[in-house]
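**Q** Here is my input, please return the structure:
(chains A and B)
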Amino acid sequence: MSVETSETVAEQLAATKKRALLSTLFGFTLFVILALLWVVLAFSTPNFLTYGNISNLLRQGAMTAILAVGETFVIITAGIDLSVGAIAGFTTVIVAWLLTNGYPIWESVLITLGFGLVIGVFHAFGITKLGIPPFIMTLATLTALRGIGLLITNGATISITNTEFTGFSRGDFLGVPNLFWMVLVVVVPGYIFLHHSRFGRYLFAIGSNMEASRLSGVSTVRMIYVAYTLSALCAAFVGVLLAARLGIGIATQAGGWELEAIASSVIGGASLFGAIGSVHGPLLGSFILTTIKNGANLLNVNSFWQQVITGGLIIVIVYFDGLRRKRQ
Amino acid sequence: MNQGDGDKQTGAANTAAPLLVLKQLDKRFGATHALKAVDLTFEAGEIHAIVGENGAGKSTLIKLLTGVYPRSSGEVDWEGRPVALATPHEAIDLGINAVHQEVLLCRHLSVAANLFLGDEKVRLGLLQHRGMVREAQKILDEIGFHLPAGALLSALTIGQQQLVAAARATIRGTRFLIFDEPTAYLTRREVGQLFALIRRLKAKGVTIIYISHRLEEVFQLADRVSILRDGQLVSTKRVSETNEQALITGMINRAIDQAHYKEAVPFGDEILRTEKLSGKGFHDISIRVRTGEVIGLYGLVGAGRSEFVQSLFGRFPQTGGQIFWKGQLAHIRKEQDAISRGIVLVPESRRDQGLCLNLGVGLNINLPIYKRLTKGIVIDPFAEATAADRQIRDVRIKTASRDALVSSLSGGNQQKIVVAKWLNHGAKLFIFDEPTTGVDVGTKAEMYKLFAKLLKAGAGIILISSYLPEVFDLSDTLHVFRRGRLVATHDSSQVSEKVLHETILTEALGV
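**A** Presented below is the predicted three-dimensional model:
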C-alpha cells in the first residue's frame, strides 16, 4: 500500500509541476504575443518602431494598465468594478476644477485621489452593508458619477491652464515617458501587495470562498473595502493622468474604459469567478490591447474593424486559457 | 427487514439473469488510475452495497455507470448486450439513475416542479401548476414521504431535499438506481422513509446500488456488498457471509482494533462556560468545558447544535445569556474575538465553510496565521513554506506539494487541511462540527488520535456528531439537543452503553 501511495504522490507531483510550468508558459505566451505583435508591426509599417509612436503607445497603454491592475484586485475577490472609466472621467473634472481654482498641483492631486478613495469606500459600503451586488453597485455609480461630473461643470469642459501639470504627461525620464513610469509606481507596490503580502493572500482566499475565509479569521469585510478602494484609487489616479494628458476636465472622458480594463484583466488570466489573477497579467493584457489599436491605426484598418478584432481576440485568448485550466 | 426475509429475496435475485455486468472496467484520469479492471455483476432486483474509503473509486464507478465520464477500457453489458454508456442521456434511456450526495435540483422551484422537471404537465401550451402539485403529492404520499409538494425546495432541509431527489429518480421508469451516501444529512425518521422506499423499489424489481460509510445500514438493507480499495474490487459477498469488522479490514487492509479511539485524559480547569446562551435556532444553552474534556453534542440535523457553536465562535449574534472564558465574562461578537482567545471552529461543510478549494494546500493551512508569517510588510516565504510543510507532515496530508490545489485531494485529506489550519495557530478550545462526515475509515481513526493529542496538550473539545456511536464513545459528557434546546445530559462513563443509546435517541427524537 505504501508503494502505491508514493506512486500516486509522485504522479500528483508531476501534475503539479506541469501546472506550474503551464502557468509560467501562459505568462510567457502573453509576452510572446505582445513581442510578436511588435515584430510584425515593426516590419509591416514604417512608423511603428519610431520613438514618437512607441512613446505614444506607452502613454496610451499606461492608463489602461493602471485601471486594469486596480480592476484585477476586485476581480480576484469574485467582484467587478464597472465604474472605473466613470471615476477616471469624473476625477478629470475634480482635478481640473481644483487647478483652475488655484490649488497647487500636489494638493489638487491628493484631493482628487481622496475622491477616488471615498468612491471606493462607498462601493464597499453598498456591497457589504447594503447587500447590493458589485455589478449593480458599480453600475449605479458609473451612471451617477458621469452625471455629477457634468453637473459640476454644467456640461462644459474645464481647460487646464497649468502648463506644469499638463507638461508632466508629455515629459519623459531617461527616455521613457513619465506616464509609463507612473505604471511602475502602481505596479511595483501592487505586485508586492498582491503576491507577497498577507492581504494579497486574503484577497485570493475571499475570492475562492468567502465563508471559509471568514471562519478562518480573515476580516472579509475589510478586504472588500481594500479591494474596491484600491480599484477606485487607481481609477482616480488615471483621471489625474488623463487630465494632464489632454489638458481638459470633463466627465464624459474615458467612456468604455471599464470594459478595456476588464478585458485586459481577463486576457491577463484573471477569472471572473474569482481567486485567479495576477498583477503582471493585466499589465501585459492592456499593452496587447493598446498595441492592436495602435497597429490598426498605422495600418489604416477601419476603426470599426478594430473593435471586432479586439472582441475576437478576447474570445480566443480566454478560450485557450480555459483549455489550459481544464487540462489541470 | 429480518434475516429470513433477506435470504428469501436474495434467493429470488439469484435465479434472475444479471442486469448489468462490468468486465475489466478501467478508468484513468491522466496519470491517476482511478478504477483498475473491475469485474462486477449486478443481479436484477438486488440491493448491492458498495463500500470503500474515500478515493477508493466509488464515485468514479458511479460516473462511468451514469455516462458522466467515458471509460478508458473494459466492457459494460446491459441485459447481455454491450452498451457504450457514453452520455448521461444514454444511461437515463436505459433506466439508470443516480441520487447524488449533493442535491442537484432547482432550489427556487417547488417540490412538484422539481419532480416533473423536464417532463412538465402542459395543456394548450400552459403549465398545469395545480394539477402537477396534486399529482406530486399523490406520488409522495404513495411512496411514504411526508413532504409538501407545493413548498419551495429551498424551504426544505437538506435531508428533505434529498428525499425529493430520491423520489424524482424513482418516478422516471428507473430500472437501476444508485444511491450515493443518501443518509448523510437525513434524520432518523427520514432514513426510515428512504429505506422503505428502497425496499419497495426492490420489490418492484429495480436494481439498487447503495453506497454508504455507515456500515450498519449496509447490513440492514443490502443483499450483497462489494468492497473497493484503491480502484480495485476486493471482494463481493452476501451480507450474511460477512460482518462489519471484515468489511473495515477489507476497505483499509488493516484491522482497526478500536473504531472510536479514546484516551482517558485527566480534566483540568474550566475554560468555557455558557449560561442560558440564546440565539437564532437555539435557546438557553448552558454548558461547561474543562481542559482534557470532550463535550459531545448529539441531536438530529437542525437541532440547533451548529447554530450554537457558530454563535459561540462569533459567526452569528447571541440574543441572550452569557459566555465565560476562563472564568471571565467574554463578549464574542465576531470570529476574531473567539480566535484571539483560543476558540477555533472546524465547520460542518468543508466545501462551503472550510476550504478555498481552487487555491493551494499551503494557503489554506496558513490562512489563520498569515499575520504571524509576515515580516514587515511582506510574507516570509521560508516561514510560509515551513509552516505548511510541518502540518502536511504531522497530520499526514497526502498531497504532491503545498502548492497543489485543494480540489485535487480526496475528501479525507481535505478534512485534514481544515483541521491542520488550526494546529499551527494553536488553540485552547477546539470545536469540531461533524468532523468525520464523508471521511474514510483511516482518516477517522487519525482524527480520533488527534483529539487525544489535543486533549493531552491541555485543550478542550466540543464535538458535534449526528452519528451516535461516535459521539457517545468519544465524549466525556454528552448533551442532547432537540429543536434548539438542550434536553438531556449524560456522563458517558457512568451508564451502560446499550441502554443509553436508546434513551439518547428517544430524547433526540422527542417521541
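**Q** From now on I want contacts and neighbour counts done on CA atoms only, so please keep to that.
**A** Will do.
**Q** Dihedrals phi and psi, B:G327?
**A** B:G327 adopts backbone torsions of phi 90, psi -10, taken as degrees, to the nearest 10.
**Q** What is the neighbour count of it?
**A** 12 (other CA atoms under 10 Å in any protein chain shown).
**Q** Please apply the same query to B:N114.
**A** 23.
**Q** B:N97 too?
**A** B:N97 has 26 nearby residues by other CA under 10 Å.
**Q** and it, that's in a strand?
**A** Yes: according to DSSP: H, G, I helix; E, B strand; the rest coil, B:N97 belongs to a strand.
**Q** Wait, it touches B:H89, no?
**A** No: with contact defined as CA atoms under 8 Å, B:N97 does not reach B:H89; the gap is 10.2 Å.
**Q** OK, contacts around A:T290?
**A** With contacts defined as CA atoms under 8 Å, 6 or more residues apart in numbering or on different chains, A:T290 is in contact with A:L57, A:Q60, A:G61.
**Q** Would you mind measuring from it to chain B?
**A** Using CA to the nearest CA, to the nearest Å, one obtains 31 Å as the distance from A:T290 to chain B.
**Q** Confirm that residue sits in a helix?
**A** Yes: under three-state DSSP, A:T290 falls within a helix.
**Q** and it, how far is that from A:T64?
**A** Distance, A:T290 to A:T64, using CA to CA, to the nearest Å: 8 Å.
**Q** what does A:L58 give?
**A** To A:T64, A:L58 is 10 Å away according to CA to CA.
**Q** Only the C-alpha atoms, please, for stretch B:138-150, written as PDB.
**A** The C-alpha coordinates for stretch B:138-150 follow below in PDB (Å, rounded to 0.1, in the frame of the first residue of the first chain):
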ATOM      1  CA  LYS B 138     -50.100  11.700  -4.600                       C
ATOM      2  CA  ILE B 139     -46.800  10.300  -5.600                       C
ATOM      3  CA  LEU B 140     -45.100  11.500  -2.400                       C
ATOM      4  CA  ASP B 141     -47.800  10.100  -0.200                       C
ATOM      5  CA  GLU B 142     -47.800   6.800  -2.100                       C
ATOM      6  CA  ILE B 143     -44.100   6.300  -1.500                       C
ATOM      7  CA  GLY B 144     -44.400   7.300   2.100                       C
ATOM      8  CA  PHE B 145     -42.500  10.600   2.100                       C
ATOM      9  CA  HIS B 146     -44.100  13.200   4.300                       C
ATOM     10  CA  LEU B 147     -43.200  16.200   2.200                       C
ATOM     11  CA  PRO B 148     -45.400  19.200   1.000                       C
ATOM     12  CA  ALA B 149     -45.500  19.100  -2.800                       C
ATOM     13  CA  GLY B 150     -46.300  22.800  -3.100                       C
END
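**Q** Which residues does it contact?
**A** Residues contacting stretch B:138-150 (CA under 8 Å, 6+ apart): B:110-112, B:133-134, B:136-137, B:160, B:163, B:167, B:193-194, B:196-197.
**Q** ditto for stretch B:403-416
**A** So stretch B:403-416 is contacted by A:16, B:54-55, B:350, B:355-362, B:395, B:397-399, B:435, B:438-440, B:443 (CA under 8 Å, 6+ apart).
**Q** If we use 6 Å, what do you get?
**A** A:T16, B:G55, B:L357, B:N358, B:L359, B:G360, B:V361, B:I397, B:V439, B:T443 (CA atoms under 6 Å, 6 or more residues apart in numbering or on different chains).
**Q** Is there a quick PyMOL command that grabs whichever of these are buried?
**A** The buried subset of those, as determined by 16 or more other CA atoms under 10 Å in any protein chain shown, is captured in PyMOL by this line:
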select buried, (chain A and resi 16) or (chain B and resi 55+357+358+359+360+361+397+439+443)
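**Q** Among the contacts of stretch B:403-416, name the ones in strands.
**A** The members of these all map outside strands under DSSP state E.
**Q** distance between the ends of stretch B:226-242?
**A** Length of stretch B:226-242, first residue to last, CA to CA: 11 Å.
**Q** is chain A contacted by that stretch?
**A** No: Stretch B:226-242 is not in contact with chain A by CA under 6 Å from any CA of the partner chain; minimum separation 8.7 Å.
**Q** Tell me which residues touch B:R229, please.
**A** B:G52, B:A56, B:M251.
**Q** any idea which of those residues is the one closest to B:G268?
**A** Here the nearest of the contacts of B:R229 to B:G268, counting by CA to CA, is B:M251; it sits at 38.4 Å.
**Q** Just to check, the closest one is in contact with B:G52?
**A** Yes: if you go by CA atoms under 6 Å, B:M251 and B:G52 touch, sitting 5.2 Å apart.
**Q** backbone phi and psi for the residue nearest to A:I132 when sequence neighbours are not counted, please?
**A** Nearest-residue entry for A:I132: A:G126, 5.7 Å, with adjacent residues in sequence omitted and distances by CA to CA, 6 or more residues apart in numbering or on different chains. Note on A:G126: its backbone torsions stand at phi -60, psi -40 [degrees, to the nearest 10].
**Q** And for A:G126, the neighbour number?
**A** 17.
**Q** now A:W305
**A** Count around A:W305 with other CA under 10 Å applied: 11.
**Q** Show the pLDDT at B:F472.
**A** We have a pLDDT of 84 for B:F472.
**Q** Next one: it from chain A, what distance?
**A** 27 Å.
**Q** what packs against the helix or strand that residue falls within?
**A** Per DSSP states H and E: B:F472 is located in helix B:468-474. Contact analysis of helix B:468-474 by 3 or more CA pairs under 6 Å, 6 or more residues apart in numbering or on different chains; DSSP states H and E lists no helix or strand as a packing neighbour.
**Q** next SSE after that helix?
**A** Per DSSP H and E, helix B:468-474 leads on to strand B:477-482 as the next helix or strand towards the C-terminus.
**Q** can you list the residues that contact that following strand?
**A** B:295-299, B:303, B:486-492, B:508.
**Q** Quick check: neighbours of it in the sheet, parallel or antiparallel?
**A** For strand B:477-482, the paired strands and their directions (DSSP bridges) read strand B:294-299 (parallel), strand B:485-491 (antiparallel).
**Q** out of those, deepest packed?
**A** Most buried of the strands paired with strand B:477-482 by mean neighbour count (mean count of other CA atoms under 10 Å in any protein chain shown) is strand B:294-299; its value is a mean of 28.
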